[in-house]
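Visitor: Sequence below, structure please.
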Amino acid sequence: MLFSLATPEYTNVQSNTIKVRVHLRSGIAEIFEQHQDLMGKIDNNIIEIETNFENKVEKTSFVLQDAVFIVSNQDTTIEDEKGTGVYVYAKRVKEITPDLSLEEISKEFEMKSVAFETEKQKLSVEGNDTDQNSKLFVLKEEVDFLKKVVSVVKDFK
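Guide: A predicted model of the protein is given here:
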């Protein structure tokens, strides 16, 4: 089964995927080879995949921001690869690995939180509408994403 995860800065393609697990509003979906065509928004922004690499099953988890996925049984984009393809598109992604440092992620979260609060205070002192400011909106999304990553990394360890 083909698995493709794409964001503006990151791409991951696996052709040896045996299972993909996503959380939808209607429940958990586990996708295997020959799964029915399906499309949706990933509800909790986490996706887990299992791949068969040198006869070992490896599990990988990703934290995503605003992710959608498509399951298709049409011909995939890789030559000679036919069957089920799972395509995931997101704004941002962070792969959860054992060597991912909770300390680094926490520092990044704190820096973005401080930047968000500083920008918010600056705008309110200037009398600007904080709800309509695009820079503030982007910072808020980054803070929320990093908060989710920190939470998942804590649970992972």
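Visitor: ok, so what distance separates the residue most central in space within the chain from Thr118?
Guide: Centre of the chain computed as the mean C-alpha position; nearest residue by CA atoms, centre = their mean is Leu64, 1.7 Å away. Computed with CB to CB, to the nearest Å, the distance linking Leu64 and Thr118 is 27 Å. Where C-beta positions appear, they are placed from N, C-alpha and C, glycine not excepted.
Visitor: now do Lys107
Guide: Distance of Lys107 to Thr118, computed by CB to CB: 16 Å.
Visitor: how's the protein carved up into domains?
Guide: Per automatic domain parsing, the domain ranges recorded for the chain read 2-96, 102-156.
Visitor: Put together a markdown table for these, with mean pLDDT on each row.
Guide: Formatted as a markdown table, the domains of the chain follow (pLDDT from 0 to 100):
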| stretch | mean pLDDT |
| --- | --- |
| domain 2-96 | 86 |
| domain 102-156 | 86 |
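Visitor: SS state for Leu51?
Guide: Careful, residue 51 is Thr and not Leu. Classification of Thr51 using DSSP: H, G, I helix; E, B strand; the rest coil returns strand.
Visitor: next one: Ile47
Guide: Following three-state DSSP, the label given to Ile47 is strand.
Visitor: wait, it sits on Tyr89?
Guide: No. In this structure, Ile47 is not within contact of Tyr89 by CB atoms under 8 Å, at 11.5 Å.
Visitor: which strands and helices sit next to the top strand by length along the chain?
Guide: When the chain is parsed with DSSP state E, its longest strand is strand 56-65. Using 3 or more CB pairs under 8 Å, 6 or more residues apart in numbering; DSSP states H and E, the elements in contact with strand 56-65 are strand 46-53, strand 92-96, helix 134-156.
Visitor: Would you mind giving the secondary structure of Asn12?
Guide: Once three-state DSSP is applied, Asn12 turns out strand.
Visitor: Report the contact partners of it.
Guide: Residues near Asn12 by CB atoms under 8 Å, 6 or more residues apart in numbering: 3-6, 62, 93, 95.
Visitor: let's see it at 10 Å
Guide: By CB atoms under 10 Å, 6 or more residues apart in numbering, Asn12 lies in contact with 3-6, 49, 60, 62, 88, 93, 95.
Visitor: partners of Val93 in the sheet?
Guide: Applying DSSP bridges to Val93 gives these bridge partners: Leu64.
Visitor: Asp43 - that's part of a helix, no?
Guide: No. Going by three-state DSSP, the assignment for Asp43 is coil, not a helix.
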